[in-house]
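> Sequence first, predicted coordinates after that:
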Amino acid sequence: MGLAVAIIIFLSVTLAVFSFGAAAYAPTSMLGSRLRQLSTDKVEPEEKPALRVKERLEQALEPLSKTLPLSSSEVSRTRGWLIQAGYREARHLTIYNGTRVFAAFVGFITVIAISGFSSLSLLVGVTAFGFFIPRFVLKRMIRERQQRIRLGLPDALDLTVICVEAGLGLDQAMLRVGEDLRYAHPELSSEFHLVNLEMRAGKPRTEALHNLVERTGVDDIRALVGTLVQTDRFGTSVAQALRVHSDSLRTERRQRAEEQAAKTTIKMVIPLVLFILPSIIFVTLGPAVIQLIRTLMPVGK
């Protein structure tokens, strides 16, 4: 009797749950539409819009950047460096200049807190080091970005040749290649996208390509732009010119790799002399020196 009651209760609960679920999630169910309406009518608590980290950083460094007197030529040159590093917005110049002043101020305060004004040369040196270290970091970022662009350029040229031979124009081919390289080579993809945006805005192709050279500062891009400009001027085959240029880039990349491999032998001399050779000397001559000392010690006594 108890087993039968348990089975009846289980079947009743299961049927009730199934009926409620069918009524709630059926497309034509009034209950389901009412539940969905109630879920969308919930008023979420309003959150105050928080400033982003970059905006706060800009607000903090803006007064410091204004204290640095810069001429128009220096501002233009610094903007060019920031663009080559991938920072194209105007606020990045403010952050960069403010960071230089802040680093110099931190170095100045640190030296005063440690040694005071006793060592003027140390005070000037640390302050100058803090002022110029952001430039060193920026130069390194530029070199790393140029290296990534240089490595992805042959692949981009191969895809461009395929697109051009398939019937696309050079502008559409660069746009398609930029979309395909979005994840493999994001820096080169963004540069191709900017070139297409400039040409859509009305700039001539030659000017847009020269702007690409200025934004990247890569010699391979400069050679590619020269090839494209000459091809457009003389009316030769774009696909053939790009194929020849791609082969030359791959040859240059292999030669660079061979050059770096040849330099490895010279670069290994310093760690070998400083670290490996003393260890070998200690291991080989150490036991003999110890045995010699043990043998000669009674004689000395």
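Here it is on my side, so go on.
> which residues of this protein score low on pLDDT?
Within the chain, the stretches with pLDDT under 70 are 1-55, 57-58, 60-61, 64-65, 67, 298-301.
> all strands of it, in order?
Taking DSSP state E to define them, one finds no strands in the chain.
> Ile149 reaches Pro186, doesn't it?
No - using Cβ atoms under 8 Å, Ile149 makes no contact with Pro186, being 10.2 Å away. No exception for glycine: its C-beta is placed from N, CA and C like everyone else's.
> Give me the more crowded residue out of these two.
Ile149 (21 against 14; other Cβ atoms under 10 Å).
> now that one: how far from Tyr96?
Distance of Ile149 to Tyr96, computed by Cβ to Cβ, to the nearest Å: 21 Å.
> same check, this time on Ile290
Distance from Ile290 to Tyr96, by Cβ to Cβ: 59 Å.
> So for these two, which sits in the more crowded spot?
Tyr96 (22 against 10).
> Next, the contact list for that one, please.
Shown in contact with Tyr96 (Cβ atoms under 8 Å, 6 or more residues apart in numbering): 65, 78, 82, 87, 134, 138.
> Please name the residues that touch the closest residue to Arg148 other than its chain neighbours.
Residue nearest to Arg148 in three dimensions, not counting chain neighbours: Glu187, with 5.3 Å by Cβ to Cβ, 6 or more residues apart in numbering. By Cβ under 8 Å, 6+ apart, Glu187 lies in contact with 86, 145, 148-149, 152.
> can you count the residues close to Arg79?
Neighbours around Arg79, by other Cβ under 10 Å: 16.
> Apologies, that question was intended for Gly178.
Neighbours of Gly178 using other Cβ under 10 Å come to 22.
> what about the closest residue to it other than its chain neighbours, distance to Ala173?
Nearest in space to Gly178, with sequence neighbours left out and distances taken as Cβ to Cβ, 6+ apart, is Phe192 at 3.4 Å. Using Cβ to Cβ, Phe192 is found at 10 Å from Ala173.
> would you turn the contacts of Glu187 into CSV with distance to Ile276?
Converted to CSV, those look like this (distance: Cβ to Cβ, whole Å):
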residue, distance to Ile276
Gly86, 40
Arg145, 35
Arg148, 33
Ile149, 37
Gly152, 37
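> Quick one: neighbours of the nearest residue to Lys139 once chain neighbours are set aside, just the number.
In space, and not counting its chain neighbours, Lys139 is closest to Trp81: 7.6 Å by Cβ to Cβ, 6+ apart. Applying other Cβ under 10 Å, we find 17 residues neighbouring Trp81.
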